[in-house]
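Asks: with the input below, show me the fold.
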Amino acid sequence: MKKIMLIAAAALVVLAGCKQEQKSSEEVLDEFSQAYNQLMDDYRAEAQLVDDDESLTDEQKEAKWDELQEATIAKMTATGKDYLKKYSNDTLVAPTVIGHIYSYLDDTDLDEILSGLDGALLENKTVARISEDLNHRKATAVGSKFVDFTVDHVSGVDKDGNPVYEKKSLSDFVGKGKVMLVDFWSPWCPPCKAEIPNIKAVWEKYHGDDFDVLSVAVWEESRKMDWHNTIDTAAFYGVKWLQLNNGHQEPATLYGISGIPHMILFDKDGTILKRGDDLRGAATEKAVAEVLGR
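Replies: Residues are numbered from 1 along each chain as shown. The predicted model follows:
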């Protein structure tokens, strides 16, 4: 069966409390949790039916899974928005609901939701992080110039096996007269590794005087991995293009990236041309070919 790409959000925190005539925040969260989990259960059940349907080709199954995923996401976001309309100022309900649905919203919808919250909610840890990511994405939206960052790239090891660090910046590659496809990834990330063959095909077909690819490893430490894993994984998957490892948090934070792989296509002067969902699978080569006029 195709791996389910929908990621269930972290379990809701449901606090014990006395029942009141009006629903308590805890009761509302429990109700939302049940509705959300039911949508996930329905999704898995319907996806299994598609997988078991022997009359369908693999391509037809893929298409049905994609339709099912889109429909489920639409239901999830609609459910979340309904709860936010009713409980937009609830300091327990609103942050939890936003935390469940924000990654499925486009930035316009997310901005509208966050703008409707009062000051106390904006200071909530979850909401503040989501708001910060959104502001970074606004600053690095399509049409904006690149935002620079510098990492302690591991260029090799010394005779004792210790890492040799080299300061490397995005500006060493972007804005230098080439169209650049920059891939933010991590060695622990299965979807990142699944995307590598697509990136490799684009690089092999188009790299030259006017185009190149740069992979930037981020969040390695979040899965207890480090530059060793990045270098080894890149070598295993045949990554021969430009690389920055040991990126940690800053590159993803500056671009408001909340999930990887995340690719950004920069023009020759460093202007952002496309990013995110517009650069996955076959869409990547199409975008590069259009920019290069090939």
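
Asks: list the residues that contact Lys81.
Replies: Ile101, Ile113 (CB atoms under 8 Å, 6 or more residues apart in numbering). The way it works is simple: take the backbone N, C-alpha and C, and place the C-beta from them, glycine included.

Asks: can you rerun that using 6 Å?
Replies: Not one residue lies near Lys81 by CB atoms under 6 Å, 6 or more residues apart in numbering.

Asks: next structured bit after the helix or strand encompassing it?
Replies: Element membership for Lys81, per DSSP states H and E: helix 58-86. Remark: after helix 58-86, the chain's next helix or strand is helix 93-101, criterion DSSP H and E.

Asks: so what touches that following helix?
Replies: Residues from elsewhere that reach helix 93-101, judged by CB under 6 Å, 6+ apart: 9, 12, 25, 28-29, 76-77, 80, 83-84, 87-88, 121, 124, 126-127.

Asks: first-to-last residue distance for stretch 145-165?
Replies: With CA to CA, to the nearest Å as the measure, stretch 145-165 spans 28 Å from end to end.

Asks: and if you look at stretch 253-273?
Replies: 19 Å.

Asks: now that stretch: buried residues?
Replies: 253-258, 260-267, 270, 272-273 (16 or more other CB atoms under 10 Å).

Asks: okay, and which of those map to helices?
Replies: Thr253, Leu254 (DSSP state H).

Asks: if we can go back for a sec, pLDDT on the helix holding Lys81, on average?
Replies: Regarding helix 58-86, the rounded mean pLDDT is 93.

Asks: can you list the low-confidence ranges for the protein?
Replies: The model of the chain has pLDDT under 70 over residues 1-21.

Asks: kindly recompute the last result at 50.
Replies: By pLDDT under 50, the low-scoring segments of the chain are 1-5, 7-20.

Asks: now the most centrally placed residue in it. Its backbone dihedrals?
Replies: Centroid-nearest residue in the chain, with CA atoms, centre = their mean: Gly259, separated by 2.0 Å. Gly259 adopts backbone torsions of phi -150, psi 150, taken as degrees, to the nearest 10.

Asks: quick one: the nearest residue to it once chain neighbours are set aside from Thr284, how far?
Replies: Among residues not flanking Gly259 along the chain, Ser103 sits closest, at 6.4 Å (CB to CB, 6 or more residues apart in numbering). Relative to Thr284, Ser103 is positioned 21 Å away (CB to CB, to the nearest Å).
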